[in-house]
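Visitor: I would like the atomic coordinates for the input below:
(chains A, B, C and D)
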Number of protein chains: 2
Amino acid sequence: MYSIGALSRQSGVKVPTIRYYEDRGLLPEAERTAGGQRRYNADGLSRLRFIKHARDLGFSIEAITGLLQLQEHPDTSCQSAQTIALDQLTEVRLKIAQLSALERELARITDGCNGTGTTKNCYVMTSLSDHDLCAGDH
Amino acid sequence: MYSIGALSRQSGVKVPTIRYYEDRGLLPEAERTAGGQRRYNADGLSRLRFIKHARDLGFSIEAITGLLQLQEHPDTSCQSAQTIALDQLTEVRLKIAQLSALERELARITDGCNGTGTTKNCYVMTSLSDHDLCAGDH
DNA sequence: GTAATTGCTCTAGTCGCTAGAGGTTCAAGG
DNA sequence: CCTTGAACCTCTAGCGACTAGAGCAATTAC
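Guide: So this is what the prediction gives:
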């Protein structure tokens, strides 16, 4: 049996975050000692590791809730799980595309300024003032 | 003179967001009609457009506050402006790198699942359970 | 003159935590 | 057995950048 602190060390998830996950329903309500402290077993640890890994991959709490529900029905089709993961992949790719557009624009803007002029004529400042100076759309 | 709604239409910034920006000090306190409604002039519009453009490029409210302060001193060196923009560029590039790592991992995980099996043996699910199955770090 | 639209302030909610206050329980050492 | 100190408990509030809604006032168009 692990205390919440031990679970935290084993999983790399901070103590308040574990309580938060319980509160949000990702973790079942933990067993308690007579004094009211949470105690966990190996199942709790592996579930928490699953959650952490999914969070690290950018899944939302809601998506993880869905995945965990699937996990509790091991004999159903895994198509739903794949769908959730593919949705997440799509979102990540979209974000990368958006950020790449920003990167190009920021690089262009900062390149246009050598840092030696005054704010009034600064290419960074005028670019921000006038969207028409932008190359792509963002 | 624009009403807040007209300013919103001209700038593409929602009405409550404009009020929020005023509250946060990005926009000066607007002039008011006798009845207490906000009125804006062309200056207000261009300032708001500056803010929107910067937000679209991912600058934080704090960074924008800095840029706006620079804008009010047009004869000072533009190096500070360039620094703020370069910091933002660095952050964007970092985020892209992180997301790219996630993308690779998600693609690998979803590729390993053809959607025909059951949750129990699903590569998506086992990958999430066991971090050791991961290729890179994330 | 009246009705529809737009405006006002204020509070609370979003997401995924994080920080702190103020109090209780546990485990180890004497 | 008793004390000490670390770890635990609950609860509330805060982060960033908005967004939503209630309940009411002003403006505008006909």
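
Visitor: Could you measure from residue A:71 over to residue A:30?
Guide: Remark: distance between residue A:71 and residue A:30 (C-beta to C-beta, to the nearest Å) = 18 Å. No exception for glycine: its C-beta is placed from N, CA and C like everyone else's.

Visitor: What of residue A:132?
Guide: Residue A:132 is 58 Å from residue A:30, by C-beta to C-beta.

Visitor: what's the answer for residue A:41, then?
Guide: 10 Å.

Visitor: ok, back up a step: who has more neighbours out of residue A:132 and residue A:30?
Guide: Neighbours per residue (other C-beta atoms under 10 Å in any protein chain shown) separate residue A:132 from residue A:30, with residue A:30 holding more: 17 against 6.

Visitor: Now the more buried one: closest residue in space that isn't a chain neighbour?
Guide: Computed as C-beta to C-beta, 6 or more residues apart in numbering or on different chains, the closest residue to residue A:30 that is not its neighbour in sequence is residue A:38, at 3.8 Å.

Visitor: who's in contact with the one you found?
Guide: Contacts for residue A:38 (C-beta atoms under 8 Å, 6 or more residues apart in numbering or on different chains) come out as A:3-4, A:22, A:30-32.

Visitor: Throw together a PyMOL command that grabs the buried residues out of these.
Guide: Filtering those down to the buried ones (16 or more other C-beta atoms under 10 Å in any protein chain shown) takes a single PyMOL command:
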select buried, chain A and resi 4+22+30
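
Visitor: can you put the contacts of residue A:38 in CSV and add pLDDT?
Guide: Listed next are the contacts of residue A:38 as CSV, based on pLDDT from 0 to 100:
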residue, pLDDT
A:3, 97
A:4, 98
A:22, 96
A:30, 97
A:31, 97
A:32, 97
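
Visitor: From the contacts of residue A:38, which land in helices?
Guide: Those of the contacts of residue A:38 mapping onto helices are A:4, A:22, per DSSP state H.

Visitor: and which of the contacts of residue A:38 is nearest residue B:18?
Guide: residue A:22 (39.8 Å; C-beta to C-beta).

Visitor: What distance do you get for the closest one to chain B?
Guide: Separation of residue A:22 from chain B (C-beta to the nearest C-beta, to the nearest Å): 19 Å.

Visitor: can you pull the contacts of that residue?
Guide: A:28-30, A:38.
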